[in-house]
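> Need a 3D model of the following:
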Amino acid sequence: MIDLYTWGTPNGRKASIALEELALAYKVHAIDIGKGDQFKPDYLAINPNGKIPAIVDPDGPDGKPMAVFESGAILIYLAEKTGELLPKDARGRSVAIQWLMFQMGGVGPMFGQAHHFRRFAPEKIPYAVDRYTNETKRLYGVLDRRLKDVAFLAGDYSIADIATYPWVSRHEWQGVTLAEFPSVKRWFDALSARPAVARGMAVP
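Model prediction:
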């Protein structure tokens, strides 16, 4: 059984959705990031960066336990472990990883900054709000153009979709109305209807 160390954030939910989609047995360990659990020595031994999520697979590639941190790395690890949610052909695999990296390098950081400056910053800084809201909307435009041509980001459903969905689920935090991006809305509604996605979103 895989140990999942997580909290109710978009990055944390990537891992739980993947575990649910892949029907892998796992045990949830709630890491309360509001209380600083992510900085405790036992957890830092698993994830030296002190972020969530992380997993420990007792049956690693060499048969020995293996810890994996960084949400994108966890998704790739689980996909490779099971042979699912990542195309096997070189071209398809590259496309899926490109869209996963688009999430890791763009969607996550920029949407996260929009969350911070729109909702959590102790003082309202108009420049920061405008900067990150505008960049977030630009990225939604990139997603929308992609999803006009394909059902899912890599063509078939993959870890790229799993990585992106939890961030889009907080579109209201970002000042975004999904009606502005009809292809993203169609994709979002399709993922929302997947039982494994709903179960993963409810963890921890």
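
> ok, which stretches of this structure are strands?
Taking DSSP state E, the strands of the chain run over residues 2-6, 26-30, 54-57, 66-69.

> And those: which comes nearest residue 173?
Nearest to residue 173, of all those, is strand 2-6, at 19.3 Å by CB to CB. Every C-beta, even on glycine, is put in place using the N, C-alpha and C of the backbone.

> residues in contact with that closest one?
Identification of contacts with strand 2-6 by CB atoms under 8 Å, 6 or more residues apart in numbering yields 12-13, 15-16, 19, 24-31, 43, 46-47, 52-58, 203-204.

> mind putting the strands of the chain in a markdown table, mean neighbour count and mean pLDDT included?
Output for these, formatted as a markdown table (neighbours: other CB atoms under 10 Å; pLDDT from 0 to 100):
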| stretch | mean neighbour count | mean pLDDT |
| --- | --- | --- |
| strand 2-6 | 22 | 98 |
| strand 26-30 | 16 | 98 |
| strand 54-57 | 23 | 98 |
| strand 66-69 | 18 | 98 |
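
> Indicate which one of the ones you listed is closest to residue 86.
strand 66-69 (15.0 Å).

> Now for residue 114: which residues touch it?
By CB under 8 Å, 6+ apart, the contact set of residue 114 is 129, 132, 133, 135, 136, 173, 174, 175.

> Dump the strands of the chain to TSV, plus distance to residue 76.
As requested, those are exported to TSV (distance: least, CB to CB, whole Å):
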stretch	distance to residue 76
strand 2-6	15
strand 26-30	17
strand 54-57	12
strand 66-69	9
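
> Residue 168: which of the ones you listed is closest?
Nearest of those to residue 168, taken as CB to CB: strand 2-6 at 18.8 Å.

> In the protein, where's the longest helix?
The single longest helix within the chain, with elements called by DSSP state H, is helix 126-147.

> Centre of the chain to that one, how far?
Distance, stretch centre to chain centre, for helix 126-147: 17 Å (CA atoms, centre = their mean, to the nearest Å).

> List the buried residues in it.
Across helix 126-147, burial judged by 16 or more other CB atoms under 10 Å covers 128-129, 132-133, 135-137, 139-140, 143-144, 146-147.
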